[in-house]
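K.L.:
with the sequence up front, the predicted model follows.
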Amino acid sequence: MQLVINTYGSYLQKNGDCFKVKTDEKVFEISCKKVASILISTAAYITTDAIKMATENNIDIVFMDEHGDPYGRVWHSKLGSTTLIRRRQLEIAETEEGLNLALEWVRTKVENQIGLLARLRQTRPHKSAEITSYIGKLENVMASFASLSGTIDENRATLMGIEGSGGRTYFEALSSLMPDRFRFNGRSRNPARDEFNALLNYSYGVLYSRVEKACIVAGLDPYVGFIHTDHYNKKSLVFDLIENYRIWADETVVNLFAGRKVKGEHFDQIPNGVTLNKEGKAVLLTAFNEYLDESVRYRGRNIKRDNIMQFDCHRIANSLIGNTDETDG
């Protein structure tokens, strides 16, 4: 499970083999064996003993800002695996193999978007023709990827242009399905201009931290990406891989609106936009964690969504060094 600290002034300490959390309202303990990660999204206190216990048990501590963006983490200093994996990442970035990996990820993203719209169409027959039109546009985007060959450097601008066009179509479709009060005009980040994007940004931030952890555990270098270019302190591979899983955040947020669980009081107005408050974060994180904890059929096995990221990262790492045995994931 993920231990979420989102109450201002919370105090996290070690008590035996448990984490003890104190707030003005309550005190509770939870065994470190039950915690996979700790998410801190507000001003809080944490003892060095709690940090030591977390690192000894491979529990990463992630610090997130008010928009849901991770700005720091505490993690043990060991490499996840052999450095050969990192060398191979650098090598294939210059070959068609790197482009093929990138294409696999963006195709998965668009396929996921088409799948979500198809599921939404089933429960919205009055919108069927409109949704079908959007799906057709995304299928055209999928077809456009087939024309790409060569290296990622030769195709990056074209690839990102096609992907961007598909993204605009997809979010236009989602907006059309929102209640009138919550319709939005495209993606907006930091700050979000509307409630939908505020929820989406925060859930993407949660995903980002989990994808980064999966990379580290599998021995992949989070800074060596393919689609996203290498910049100082930019975890390009995390930005690449998260494209496979954004749909989980999208579906969670859409379902919250469909279930009328999103309220105006879940947001605070800030300059040039809105942000999730404590109550809004609690609603989102509860729904998102439940969604990630569900088991689904994936590559021939039943696996929790939350574990798919780790499974995929191990699969990628194994393929880089010529080990195609996916059972290690």
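P.N.:
Perfect, thanks for sending it.
K.L.:
give me the most central residue, the chain.
P.N.:
In the chain, the centroid-proximal residue (CA atoms, centre = their mean) is L207; its distance is 2.4 Å.
K.L.:
give the helix, strand or coil label for that residue.
P.N.:
helix (DSSP: H, G, I helix; E, B strand; the rest coil).
K.L.:
confidence score at it?
P.N.:
pLDDT, the model's per-residue confidence, is 94 for L207.
K.L.:
pretty sure it contacts N244?
P.N.:
No - taking contacts as CB atoms under 8 Å, L207 lies outside contact range of N244: 9.8 Å. For glycine as for every other residue, the C-beta is placed from the backbone atoms N, C-alpha and C.
K.L.:
quick one on the thing from earlier: show me the contacts for the residue nearest to the centre of the chain.
P.N.:
The neighbourhood of L207, defined by CB atoms under 8 Å, 6 or more residues apart in numbering, consists of I242, Y245, R246, W248, A249.
K.L.:
buried subset of those?
P.N.:
For the contacts of L207, a neighbour count by 16 or more other CB atoms under 10 Å gives the buried set as I242, Y245, R246, W248, A249.
K.L.:
so the closest residue to the first one other than its chain neighbours is in which element?
P.N.:
Beyond its immediate neighbours in the sequence, the residue positioned closest to I242 (CB to CB, 6 or more residues apart in numbering) is V211, lying 4.9 Å away. With the criterion set as DSSP states H and E, the secondary-structure element containing V211 is helix 195-218.
K.L.:
which residues are in contact with the next helix or strand after that helix?
P.N.:
Proceeding N to C from helix 195-218, the next assigned helix or strand is helix 236-241, under DSSP H and E. Residues outside helix 236-241 that contact it (CB under 8 Å, 6+ apart) are 89, 102, 105, 208, 211-212, 214-215, 220-230, 309, 312-313.
K.L.:
by how many degrees do the helix or strand following helix 236-241 and helix 195-218 diverge?
P.N.:
Counting by DSSP H and E, the next helix or strand C-terminal to helix 236-241 is helix 246-258. If you take axes from the mean of the first three to the mean of the last three CA atoms, to 10 degrees, helix 246-258 sits at 150 degrees to helix 195-218.
K.L.:
tell me the pLDDT of T275.
P.N.:
94.
K.L.:
contact partners for it?
P.N.:
If you count contacts by CB under 8 Å, 6+ apart, T275 has them with E66, H67, P191, A192, A198, F267, D268.
K.L.:
show me the beta-bridge partners of the fourth one.
P.N.:
Which is A192. When assigned by DSSP bridges, A192 has beta-bridge partners V274.
K.L.:
just checking, it touches A198?
P.N.:
Yes - the pair A192 and A198 passes the contact test of CB under 8 Å, sitting 3.9 Å apart.
K.L.:
so which of the two has more stuff around it?
P.N.:
Neighbours per residue, other CB atoms under 10 Å: of A192 and A198, the larger number sits with A198, 31 against 25.
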